[in-house]
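In: next input, structure requested:
(2 chains)
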Amino acid sequence: MLLVIEHKFFPFKKKREQMCMAVNLETEILFMLLPINNVQQFLNLSKHVLYCSVCFMIMDFLLSHYSRENLENIPALANNPIRRQIIGAFFDKRNQHQNEVGSFEEIGFEQFLMVMSHFRPPTLKTTEEERETMRKEKLRFLFNMHDTDNDGTITLEEYRKAVEELLSKSGAIGQEAAKAIADAAMLEVASTNVPHMAPDDFYEGITFEHFEQILKGLEMESRMHIRFLDVDTTTMHCGRSTS
Amino acid sequence: MAVLRLTRSSSGPRLTEFICVLLLVLVSVASASRDVDDPHHQTNSTGHKKAFPVLSFHYEEVKKPLEISLWILLALLMKLGFHIIPRVSNVVPESCLLIFVGLLVGGIIKAIGGEAPGLDAKLFFYYLLPPIILDAGYFLPIRPFTENLGTILVFAVVGTLWNAFFIGGMMYGVVDLLSCLLFGSIISAVDPVAVLAVFEEIHINELLHILVFGESLLNDAVTVVLYHLFKEFAHAGTVTVADAFLGVVCFFVVSLGGIMVGAIYGILGAFTSRFTAHTRVIEPLFVFLYSYMAYLSAEVFHLSGIMSLIACGVVMRPYVEANISHKSYTTIKYFLKMWSSVSETLIFIFLGVSTVAGPHAWNWTFVIVTVILCLVSRVLGVIGLTYIINKFRIVKLTKKDQFIVAYGGLRGAIAFSLGFLLTDSDMKNLFLTAIITVIFFTVFVQGMTIRPLVELLAVKKKKESKGSINEEIHTQFLDHLLTGIEDICGHYGHHHWKDKLNRFNKAYVKRWLIRGERSTEPQLISFYNKMEMKQAMMLVESGSAAKLPTIVSSVSMQNIQTKGPARRRAIPSISKSREEEIRKILRANLQKTRQRLRSYSRHDLLIDPFEDVSEVRFRKQRVEMERRMSHYLTVPAKSQETPPVRKVCFESEHQIYTYDDSESPRGSAQASRPHPSSPDAVSLLDESPQRPSQRGALRTRGDAEVRAKAPDDKEEQDQLKLSRCLSDPGPKKDEEEDGSFLS
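Out: Residues are numbered from 1 along each chain as shown, chains lettered A, B, ... in the order given. Below you'll find the predicted structure:
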């Protein structure tokens, strides 16, 4: 399988021109460096091309496999309160769109890219249905981050844990308030989705549909994206294309 | 009875109209008599000793304040009148009606023969404009503004430049080039007052609103530079490259300097508010004065006053709001809205009056060409810029959006005042006439038609946000997630820098500018507290209604919490009639003890029950609500005024009369906390599952148990014991109890 990467700024390239790199993912051999206008020809020749635009140090990833420790050692991540969950998301098999569960020990470039593909933004050309699919995909990603035991629902305990992690950098105030906030949030989800519950009914947990409902207002497809510097947005798409 | 009511309702608008007409006449007479001199005193001074005047007429002494008050009163009555007549205000935006009234008043004054007051530029720039801009800047929605800052800047700077040069260039031939460019620079700027007035009524979505509005605010720097530049050169006659280069430098100085001045005053204001804990009454004044000083200081150096004012408001707000009391916050909000409303009304009325008053030089071609050019240049500018901007935006601007942005480019009083300030008299009248025509065209035609157009094009409207805590949690979560992903990629993007700024803010700035422990409170918690407060206040204001407006479901904590060990109720239940009886007794007794009167001090806001009865009541109810509704699980994050509350509570149980008063009208409310050890231990608790508004029944039971240990009652009587139970030992203690209960 060939990976074609198109990027304007190669660190080792002096000139700022659009260059394209193709890597054979099985053998991990750097195929060639092509100027961008030749890419179309190239694409016509090969099948199963994973076409993606990336940036800077992802190049690092190309020829190696990474484990959790490698990611945890990134110094910039140290200040992030939800560090563990982010790293967990990379190693989560559910985010690979292949209907598997569990987690990896090590991930390669392909898995990394699949996770990153959740963060592409919509373009002017994306249709309504594509936007809808995108939104579901991104919400699914978030859902998987919260639903750690993979039972399809976010229980109160899991939600509490999530909020606690979020406030984990705020010391004692955060920890005490986390429980209250998580409870209030859970109550809100329950009230909006199942407004009339008898006193003895038990709300098991937030299902994916309820999760979608409660976050409808946030317009996830526009919010959850990474904007890569100087990349022409028309080339920002990631996914398998058979051409 | 029905007849009476009918006449009263119909007499409402008629009465207002009568008063308005009266005022119109008064104002016109007042202005007309401006030139009438009063020689009364002089002639009598040399004569014989006159009799002591019992009643005399000294109009001259109070003339100025009287006139000002009459104008303002007229403006406000007009505003009032328009809202009473619903049909008109739905079709025509308020600004149009006000200009029309101004025209009328101007006409009347002229007919009487007096000299109509024009819109004095100094009055406009120093007194009428700042409140509107401060209101806009202080309540600027920061998130959408910063997200779209690039787009807004491009529209503001490049768009205005394009407009100015296009219009000025095309007009060449009528007058010399530099005057044309000067005219172009005056007429090209989108006006924040007009935009606010029109856009406020159509409720379009946040993105478009912030784009047009942000542009109108930020183009002030460009306008200032261009105006002064061309004004200087109109005299000199020629422009060299060096001058153009200086102009560019000047632009950066004006805009960045203005922002810096504003930021400095903002920080000063925030720092001052840190120490105002003991003098709450003057807190709002600090905000207003520092902002006004920022504006004036910027104007001293011909920097952009508007940008300075906005920067001051934006910088000051988060810190000031963390420091000031709730009342001061409300005061600031209402005063700003009030002043900006009055200013806006006055501006439009004066525009109308000046139209009638000012000397006009009507030149058909000039005026028509100006109007057409304005429209054309705006449309071309927006389309061209959007094409470029969309390459860099994630959420692209569609054709509909572009249309609204182009159509919303209204001109207003700033253009008029700038024209007024020109000193060159032969061009001036020509320009003024054209400017007024453009303003009228944009405000009337575009203002009136934008609403049906918005409906027609089905532009997205503003969505009513209810402040969902889930959304807030996930917004924060997303922020951290995206920052983390950027860090993993090694990409220093948007989120990375925002995160860095936030951390810098938290580590250094907040510690200096926010008093006490609020400085370390994370945003999620402050949001949660605010929501809690808001909903509790809503409860208070909706009175005794048991049903909260937003909570229409019967879900309570017990539906969510996992079934723990048996939560059987150990307290015996009573019948409803008994409960009513007890309540009646309580009410009767507690009302008797309600006597309090404390000395009222002008400088002391708090601890005065009569003055603050609503505040105390609100707090009591809030704590009560917290107990009953686990939605409002207490957060031990220190809310501001816990010390005074505690003081009031502990002094004597008789002071807690307001507590019961607030509860007695509520039929289904649970009024008393039972004291389990008293012989008449009552449990009103098992009423709660049946009542949809009762929540956290488990919590209240826990409270009751814990309160049994409360050591603070010494009285014998049942009622007093119960009232003691009612008395609130203070939020802090509750929190501890609640915490221990839930764990």
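In: the helices in the stretch 401-550 of chain B, which residues?
Out: Assigned by DSSP state H, counting those that start in this stretch, the helices in the stretch 401-550 of chain B fall at B:413-420, B:425-440, B:447-457, B:469-489, B:494-504, B:510-513, B:523-541.
In: and the fifth one, does that touch chain A?
Out: Yes - Helix B:494-504 comes into contact with chain A when judged by C-beta under 8 Å from any C-beta of the partner chain, the residues involved being B:494, B:496, B:499, B:503. Bear in mind the C-beta positions are built from the backbone N, C-alpha and C, glycine included.
In: just to revisit the earlier point, would you list the helices of the stretch 401-550 of chain B in JSON lines and tack on mean pLDDT?
Out: Below are these laid out as JSON lines (pLDDT from 0 to 100):
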{"stretch": "helix B:413-420", "mean pLDDT": "87"}
{"stretch": "helix B:425-440", "mean pLDDT": "84"}
{"stretch": "helix B:447-457", "mean pLDDT": "88"}
{"stretch": "helix B:469-489", "mean pLDDT": "83"}
{"stretch": "helix B:494-504", "mean pLDDT": "82"}
{"stretch": "helix B:510-513", "mean pLDDT": "80"}
{"stretch": "helix B:523-541", "mean pLDDT": "76"}
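In: so which of those is the most packed in?
Out: Across these, averaging neighbours per residue (mean count of other C-beta atoms under 10 Å in any protein chain shown) puts helix B:413-420 on top, at a mean of 25.
In: how many residues are close by the residue nearest to residue B:474 when sequence neighbours are not counted?
Out: If the residues on either side of it in the chain are set aside, residue B:474 comes closest to residue A:215, at 5.9 Å by C-beta to C-beta, 6 or more residues apart in numbering or on different chains. Residue A:215: 24 surrounding residues under other C-beta atoms under 10 Å in any protein chain shown.
In: surely residue A:215 and residue B:472 touch.
Out: No - using C-beta atoms under 8 Å, residue A:215 makes no contact with residue B:472, being 11.2 Å away.
In: looking at residue 5 now. What's its pLDDT?
Out: In the absence of a named chain, chain A is used. pLDDT for residue A:5: 57.
In: I was after chain B.
Out: Value for residue B:5, per-residue pLDDT: 41.
In: picking up where we left off before, for the helices of the stretch 401-550 of chain B, give me a markdown table that also has distance to residue B:317.
Out: Compiled in a markdown table, the helices of the stretch 401-550 of chain B are given as follows (distance: least, C-beta to C-beta, whole Å):
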| stretch | distance to residue B:317 |
| --- | --- |
| helix B:413-420 | 24 |
| helix B:425-440 | 32 |
| helix B:447-457 | 30 |
| helix B:469-489 | 18 |
| helix B:494-504 | 16 |
| helix B:510-513 | 11 |
| helix B:523-541 | 13 |
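In: surely residue B:197 and residue B:348 touch.
Out: Yes - Residue B:197 lies in contact with residue B:348 (C-beta under 8 Å); the separation is 7.5 Å.
In: quick one, which of the two is more surrounded?
Out: Between residue B:197 and residue B:348, counted using other C-beta under 10 Å, the more crowded position is residue B:348 (27 against 24).
In: which ones are touching that one?
Out: Listed by C-beta atoms under 8 Å, 6 or more residues apart in numbering or on different chains, the contact set of residue B:348 reads B:94, B:95, B:98, B:99, B:102, B:197, B:413.
In: burial of the closest residue to it other than its chain neighbours, as a residue count?
Out: By the measure of C-beta to C-beta, 6+ apart, the closest residue to residue B:348 outside its immediate chain neighbours is residue B:98, 3.6 Å from it. Residues near residue B:98, counting by other C-beta under 10 Å, number 25.
In: wait, a helix at residue B:98?
Out: Yes - applying DSSP: H, G, I helix; E, B strand; the rest coil, one finds residue B:98 inside a helix.
In: hang on, it packs against residue B:352?
Out: Yes - between residue B:98 and residue B:352 there is a contact at 7.1 Å, judged by C-beta under 8 Å.
In: ok and the lengthiest helix in chain A relative to helix B:523-541, angle-wise?
Out: Counting residues, the longest helix in chain A under DSSP state H turns out to be helix A:171-193. Here the directions of helix A:171-193 and helix B:523-541 differ by 60 degrees (axes from the mean of the first three to the mean of the last three C-alpha atoms, to 10 degrees).
In: now the nearest residue to residue B:325 once chain neighbours are set aside: how far from chain A?
Out: Of all residues beyond its chain neighbours, the one nearest residue B:325 is residue B:280 (5.0 Å), with distances taken as C-beta to C-beta, 6+ apart. Residue B:280 sits 25 Å away from chain A, going by C-beta to the nearest C-beta, to the nearest Å.
In: go on, residue B:293?
Out: On the measure of C-beta to the nearest C-beta, residue B:293 and chain A end up 35 Å apart.
In: and chain B, split by domain according to the record?
Out: B:121-457, B:498-540 (the TED database).
In: residue B:488: which of those domains is closest?
Out: Between residue B:488 and the domains of chain B, the shortest separation by C-beta to C-beta is 13.4 Å, and it involves domain B:498-540.
In: and that closest one, end to end?
Out: 38 Å (C-alpha to C-alpha, to the nearest Å).
In: contacts only, for residue B:138.
Out: B:287, B:291, B:313, B:314, B:316, B:317, B:332, B:336.
In: closest one to chain A out of the residues you listed, please.
Out: residue B:317 (21.5 Å; C-beta to the nearest C-beta).
In: pLDDT wise, what is the closest one at?
Out: 90.
In: any idea where the strands of chain A begin and end?
Out: A:2-7, A:19-24, A:29-35, A:49-52, A:66-67, A:106-107, A:239-241 (DSSP state E).
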